[in-house]
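[1] prediction below, plus the sequence it came from.
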Amino acid sequence: MGTAIVAASLWSGAVFAKDPFRTTNPRNISAETQAAFEAFFKEGNYPAAAQALAKADPQEPLALAMKASLTYTNMLSEKDQAKQAAMLSEFQTYAGQTRSAAQSLLSKDPLRGNLYLAVSHFLDGVYAFTKEGSLKGTAKVLGELQEIIKYLNAAEAQAPDDPELNLLRGYIDVYSGIYLPFSDSTKGIDRLKKFAGPSYLAERGLAMGYLEMEKFDQAIAAVDRAIAQTPGNPELAYLKAKILIKQKQDQASIPYLEQALQKEAQLPTGLVKEMKYVLRKAKERLAKSS
């Protein structure tokens, strides 16, 4: 009897939950949010992600955080200052909505509620840094960092091995260790290796971290594993090209840059401009060396 109930519960979760992070104990994340997540991170298709997010659950903090991220990315590509200001205000609105949704979720799911309270404070830090600049914004960011750590610790107390928690905290720990004193990147590396999910995003985080740490062979191995799981993602092709360039392998980087640019229609304008600049410089260096 008990076994039958457990089996039925697992079957029900597998059919109805659309959780991009967990294969066991999935959360009831909407199909539209899952579609947006996969378009954004698995395919590198920003217009498809935006379309899916327009239909996503307005109370799902993951969807709201992705809306904030897309808005911020679009703002970075915008040249008109008035439009930039409007986009930054929209970004702040999504940050506030993420916090409200996380607070509403807290009693039902303290793991994800605390996790997205941390995310909302991260978004507030980004807003302050962008709005006020590095001089005034840094103090605000450091204050938000304390809140981020507090809520991440509360989430970790609920489920220390949770894939969603360890994906986010792994990224944060890696970059904190690189750029902040008295921090240790190896904690983030361990989180991403052992517990984070989905695997293709964990591997991407490892590749980005190893690149910043100048461990280029490990970065290449990680990005290759990510590409094997999500072939066709132009951002991963670009990431591999950047690692190769750091290894002074300009010739090897060019096919990956050209591959990424084949899908420029699905990427933000600013990122496409950056890719074209990197490709041009790689070709210039090759021409000078020949």
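    Structure received.

[2] which residues in the stretch 101-250 of the chain form helices?
    Assigned by DSSP state H, counting those that start in this stretch, the stretch 101-250 of the chain shows helices spanning 110-158, 163-179, 185-194, 199-212, 216-229, 234-246, 250-261.

[3] mind putting those into a markdown table with mean neighbour count, mean pLDDT and distance to residue 101?
    Backbone N, C-alpha and C define where each C-beta goes, glycine included. Putting those into a markdown table (neighbours: other C-beta atoms under 10 Å; pLDDT from 0 to 100; distance: least, C-beta to C-beta, whole Å) gives the following:
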| stretch | mean neighbour count | mean pLDDT | distance to residue 101 |
| --- | --- | --- | --- |
| helix 110-158 | 18 | 91 | 7 |
| helix 163-179 | 22 | 89 | 15 |
| helix 185-194 | 19 | 93 | 24 |
| helix 199-212 | 22 | 96 | 21 |
| helix 216-229 | 18 | 98 | 29 |
| helix 234-246 | 23 | 98 | 27 |
| helix 250-261 | 18 | 98 | 33 |
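
[4] which one of the ones you listed lies nearest to residue 41?
    With C-beta to C-beta as the criterion, residue 41 lies closest to helix 199-212 of the helices of the stretch 101-250 of the chain, at 5.6 Å.

[5] that older thread, okay, the helices of the stretch 101-250 of the chain in CSV with distance to residue 36 next?
    Below are the helices of the stretch 101-250 of the chain laid out as CSV (distance: least, C-beta to C-beta, whole Å):
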stretch, distance to residue 36
helix 110-158, 15
helix 163-179, 15
helix 185-194, 22
helix 199-212, 14
helix 216-229, 19
helix 234-246, 16
helix 250-261, 21
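
[6] of all the ones you listed, which one is nearest residue 26?
    helix 163-179 (10.5 Å).

[7] right, and the helices of the stretch 101-250 of the chain - which one's nearest residue 284?
    Residue 284 lies closest, by C-beta to C-beta, to one member of these: helix 250-261, at 9.2 Å.

[8] now for the closest one, which elements pack on it?
    Secondary structure elements in contact with helix 250-261, counted by 3 or more C-beta pairs under 8 Å, 6 or more residues apart in numbering; DSSP states H and E, are helix 234-246, helix 269-289.
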